[in-house]
Structure formats: structure tokens, C-alpha cells
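Novice: Got a sequence here, can you model it:
(2 chains)
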There are 2 protein chains.
Amino acid sequence: MLTYADRARLAVVLVGARNPSNIGAAARAMHDFGFTDLRIVNDYAAPFEAAQLEAKSAVASAHVMHAARRFSTVAEAIADCTLVAATTAVGDRELRTPVQTLQQAAPEVVGSLSSTGARVALLFGSEKTGLTREQLSHSSLLLTIPMFSPRAAEDSAATHEQGATAAATPRHLSMNLGQAVAVCLYELTRDGFAGAKELPVRNEPPATAADRERLTQLLLDALHATGYSRRFPANATEAQVRQLAQQMGASHREAMTWMGVLRQILWRERGEPGQ
Amino acid sequence: MLTYADRARLAVVLVGARNPSNIGAAARAMHDFGFTDLRIVNDYAAPFEAAQLEAKSAVASAHVMHAARRFSTVAEAIADCTLVAATTAVGDRELRTPVQTLQQAAPEVVGSLSSTGARVALLFGSEKTGLTREQLSHSSLLLTIPMFSPRAAEDSAATHEQGATAAATPRHLSMNLGQAVAVCLYELTRDGFAGAKELPVRNEPPATAADRERLTQLLLDALHATGYSRRFPANATEAQVRQLAQQMGASHREAMTWMGVLRQILWRERGEPGQ
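Specialist: Residues are numbered from 1 along each chain as shown, chains lettered A, B, ... in the order given. Coordinates of the predicted model:
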């Protein structure tokens, strides 16, 4: 699991982002997954300044935008980082470094952050152009979020008719910037949260086998008393009814509710007042 | 890997989304990961219509918005689905169903989509309010995207000084809608079919959400007719009863059996002969 200190050593670097809303969306995703170091590479300050202004009304991610820094070049932005990973949509740009899926690349990023104490940069290009070859050349790790190509699906469907496996072939279009940042940071923190004990566990005791058996008997009685067993004997065998009772309430409380319902039906059938 | 046909059977259901940009962002994430069935639950048509209008300029996801449908209630939107999974930010709302992480819940969703041919609904609430307890009661699977709690990190840092492990404690704030949809769909497509085969294959058609709703209404009627609702009103609210009905039979056949049982109770209460 990445500690807070580990996360603080991941720099999310947005290169050439022009739309302040996209910068804000990236900050929000960082906030949600516990990252804080946002760096913007842009020749001119306007988008960055606008994003900072907008962030004042965005309580959640304001601290990320407030601490964000702007650089003029990729080289300056990543100078203190030991591992530089870049995201790419894998167009037909001639890539020199093999591209890994986000899932394949994540362990190296997480490993660097958690074991060596080093700073890691994660580069995102602009939505429109992605990262140029020059910008990509700063990175030693290229990763891509596998996306779905409708064209590949159609080709595939045409060849194999229905139900063909659609391939996740490379596409030119990139994802929405905020969504791409969110997906990457989710992947990096995904295994840290696995089975996290902090998740609210149902705080109710589950139904016991004894509860199930009482339910089974009460349900059998109710089916008999209402005449259901006579009409549909095949549905009212003890085994069938026990099977139904297996699902009557996951918790002891719910099972008790069901018992109350069934007792009420029995009281009515026996001609006693509804109480 | 989920086939194109598998993906077509996942319905992304946005409940109460008011911001057309959020609806558009969700459509774009669906497009990126190869999903097509978008459903909007909203009393009024304006946000949906605005999103459709905006989508005309968004080449990538226009086909998703074009095919999107609006419903007035959650029940209508999910009627044809056999598995209903709902996302929740895990606030301090009292949840009766255990919440799984997205990662934990994904195999069941993927397994349903790939092995039984069933339709699956994935519910998202509005950013502001999330899903209400009534809306959550339609689902049998609750999942959450583990997010990072700055407060827990601060507490942790205060206690252990630097480098403390920050706990992923539940938070109230929800993610940006488009980012949440992107992260969920990424997780569902991340492993393809991996782990899907280990899920028990059901050889019976599962109960649909429409079955569940009929059961809920019949059970409400039965509780009323027998006088149970009067005696235990706290156990007989529509949301409570719907939650009970979530567990009434795993298969369509078992659900039909329960309907028969409840109808029999109602016939008796209405003074008709047991037939």
C-alpha cells in the first residue's frame, strides 16, 4: 500500500494542457486518490492561472491546485524525478520504447514510489495532440490505457459474425484528460486498497443455520396454512422450501423480520386477531 | 476479454444527473471502453436533451448519447436487468448490504456479462447526493471506488509522524461523475475474462429487476393485508421491503414461486377460497 509520503512523491505532469477545466479535473482526481504534486508544463501562464482561480470554488481539490507549479519545459518539470513514465494513446507515431498497458506498468511505478523513496513523474499530453516524440523521449516507461476501438469491433464482427471478440487495438483518439488521470491513479492505488479493513463491514450479525431452519419450518407451516402446499405440492417440498429460506434475509435481523411476517400470516390463518 | 456483445449488455444508469456535461463525460468514458447502453433516470428531460444536443459536436461519443434513453424511475430503467450493481461513496448512511470495493465486485459483474448472457445495470447517483437509500434498495451489489481520506492521512501523520500508512477510510464526497464511470469501466475491462470462469455458472435464468419489483409490490400488499405493516411499520417501509425482496429467490423460477406464495396469501386475506 502506498503511504501518504509515497504518494507525495508522485508528480502528475500535465504537458500543454490548455483548458483550465481539464487541469481542474486532473487536480480533483489527484485529490480523490490522495496525490498532491501537480505540475503544469506550458509556455504561457493563462490556463494555469485560470485553473487556480477556478479551484478557489472547488473545495475538494483547492489544496492541490494551490500547491501546483508551472514549468516552461518538460525537462525542468521532471528534473528531480528518477523514474519518468509517460502516457500515450499509441497512435501510429513511431515509438522507440515498448509500450506497456497501464496494468503492466503500474508495479514499476508503485515499486519506485514505495521502495526507493524516489520521485516519480507521470506525464500526460494535451487531449488534442498527446505528447510529442521529444516530450516522450524524457521518459523511460511508456504506458497506455487500453481502450476499445469500435472500428476493430466492426471488423471483427464482419469477419466472425456475432459475438466476435473485439480487440483493444490502438487508437488515435485520447481519453478525456481528467478521466485518464483518474484511471491511472486508480490503478496505482488499486492494490493498496484490496481488502482494506477500513471498508464498512456489515455491522449486523449474519443469519445462522438455526435461523434458516426456523425460517424453513415457519415457511412450511405458512404454505400449508394458506393452502399453497395443496395447490403447488411440487414447490412445497421441504427441500424446495429450505432452498427458498436460504435467501430469506442475509442478516439475523432480516431473518427475524421474515419470521415476524410468517408468524403474522399464521396468526391470521388460525383465525386469531391480527394483534 | 469482454466481447462487443457482452459490453452491449451493460447498462450504465445515471440517476438524477443534472449537469449535461457530466452526462456527456459519462458517454465519452463509455465510448472509450466500448460500452453503448446509457440510461438516464430523471423526472425532467432538460439535462438529457441538453446533453444530446452537446453530443452532436462530440464526434467520439455521439453514438452513445444518440442511443441513450431517459426513464422516470430507477425501477423502469433497470427492469430488464438481472444484476443491479450500485456505486456508493460510503458515507455514514446506514447500509444494510455489505459494500465491496470496485475490484472485489468486478468479477461478479464481468461473470454475469460474459457467462449468462444477462443484462447488468451499473447505477451512479448524482455527484451531489449520490444514490438515496430507496434507489440503493434496487441493487443487490454495492460497490465503492476506494478513495483517499486526507483527514485520515493527517490523523495518521499526527500519530506516527512522517511516513505513516494512510488509511483508506470512507468519505462523504463523491468523485466526479465522468471520472467515476471511467474508473469503473476501466476495472471491468482491465482483466478481460480473467476470473470469470471461476464464478459458478447458473443454469437457470436469473430473476430480473422487474421480477424483484413485482415481488416488492406483492410483499407490500401481503404485509398490509395481513396487518403486519400496522404492527411493525418500521419493518414495512417500501425501501425495507424492497431490500428483503432482493433476496427472494436467485432464479426467475424461484421468484415466480415466491409470487405464487404471496398471491395465495392475498387471496386468503381477501376472503376468496383457497382454490
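Novice: Give me the pLDDT for A:Pro206.
Specialist: A:Pro206 carries a pLDDT value of 66.
Novice: Just give the number of residues close to whichever residue of the stretch 51-200 of chain A sits closest to chain B.
Specialist: Across the stretch 51-200 of chain A, the shortest distance to chain B (Cβ to the nearest Cβ) belongs to A:Phe148, at 2.8 Å. In this view, the C-beta of every residue, glycine as well, is placed from N, C-alpha and C. A:Phe148: 23 surrounding residues under other Cβ atoms under 10 Å in any protein chain shown.
Novice: If you drop the residues flanking it in sequence, what lies closest to it?
Specialist: Computed as Cβ to Cβ, 6 or more residues apart in numbering or on different chains, the closest residue to A:Phe148 that is not its neighbour in sequence is B:Gly34, at 2.8 Å.
Novice: Look up how far A:Gln243 lies from the one you found.
Specialist: From B:Gly34 across to A:Gln243, the span is 38 Å (Cβ to Cβ, to the nearest Å).
Novice: These two: who's more crowded?
Specialist: B:Gly34 (24 against 15).
Novice: ok so, going back, wait, the residue nearest to A:Phe148 sits on B:Thr3?
Specialist: No. The pair B:Gly34 / B:Thr3 is not scored as a contact, 9.6 Å apart, by Cβ atoms under 8 Å.
Novice: which ones are touching the residue nearest in space to the middle of chain A?
Specialist: Nearest to the mean C-alpha position of chain A, counting by Cα atoms, centre = their mean, stands A:Tyr186 at 5.8 Å. Counting by Cβ atoms under 8 Å, 6 or more residues apart in numbering or on different chains, A:Tyr186 makes contact with A:33, B:145, B:183, B:186-187.
Novice: what's the helix or strand for A:Phe48?
Specialist: Here A:Phe48, judged by DSSP states H and E, is contained in helix A:46-55.
Novice: ok, and for that helix, which residues are buried?
Specialist: A:47-48, A:50-52, A:54-55 (16 or more other Cβ atoms under 10 Å in any protein chain shown).
Novice: Kindly report the same for stretch A:177-191.
Specialist: A:177-190.
Novice: Now, those residues that are in helices?
Specialist: A:177-190 (DSSP state H).
Novice: is it possible to export those to JSON lines including pLDDT?
Specialist: Shown next, in JSON lines, are these (pLDDT from 0 to 100):
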{"residue": "A:Leu177", "pLDDT": "94"}
{"residue": "A:Gly178", "pLDDT": "95"}
{"residue": "A:Gln179", "pLDDT": "96"}
{"residue": "A:Ala180", "pLDDT": "96"}
{"residue": "A:Val181", "pLDDT": "97"}
{"residue": "A:Ala182", "pLDDT": "97"}
{"residue": "A:Val183", "pLDDT": "97"}
{"residue": "A:Cys184", "pLDDT": "97"}
{"residue": "A:Leu185", "pLDDT": "97"}
{"residue": "A:Tyr186", "pLDDT": "96"}
{"residue": "A:Glu187", "pLDDT": "95"}
{"residue": "A:Leu188", "pLDDT": "95"}
{"residue": "A:Thr189", "pLDDT": "93"}
{"residue": "A:Arg190", "pLDDT": "88"}
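Novice: and which of the residues you listed is nearest to B:Arg18?
Specialist: A:Gly178 (18.8 Å; Cβ to Cβ).
Novice: which residues does that closest one contact?
Specialist: So A:Gly178 contacts A:22, A:24-26, A:28-29, B:176, B:178-179 (Cβ under 8 Å, 6+ apart).
Novice: can we see that at 6 Å?
Specialist: By Cβ atoms under 6 Å, 6 or more residues apart in numbering or on different chains, the contact set of A:Gly178 is A:25-26, A:29, B:179.
Novice: ok, now which ones touch A:Ile78?
Specialist: A:84, A:121.
Novice: related to what we said a few turns ago, pLDDT score assigned to the residue of the stretch 51-200 of chain A closest to chain B?
Specialist: Looking at A:Phe148, its pLDDT reads 76.
Novice: How about A:Glu161?
Specialist: For A:Glu161, pLDDT reads 36.
Novice: Could you measure from A:Ala55 over to B:His224?
Specialist: With Cβ to Cβ as the criterion, A:Ala55 and B:His224 are 53 Å apart.
Novice: And A:Val15, by the same measure?
Specialist: 63 Å.
Novice: My guess is A:Ala85 contacts A:Thr144. True?
Specialist: No. Using Cβ atoms under 6 Å, A:Ala85 makes no contact with A:Thr144, being 11.0 Å away.
Novice: Between these two, point out the one with more neighbours.
Specialist: A direct count of neighbours by other Cβ under 10 Å for A:Ala85 and A:Thr144 places A:Ala85 higher, at 25 against 21.
Novice: My read is that A:Ala207 contacts A:Ala255, right?
Specialist: Yes. A:Ala207 lies in contact with A:Ala255 (Cβ under 6 Å); the separation is 4.0 Å.
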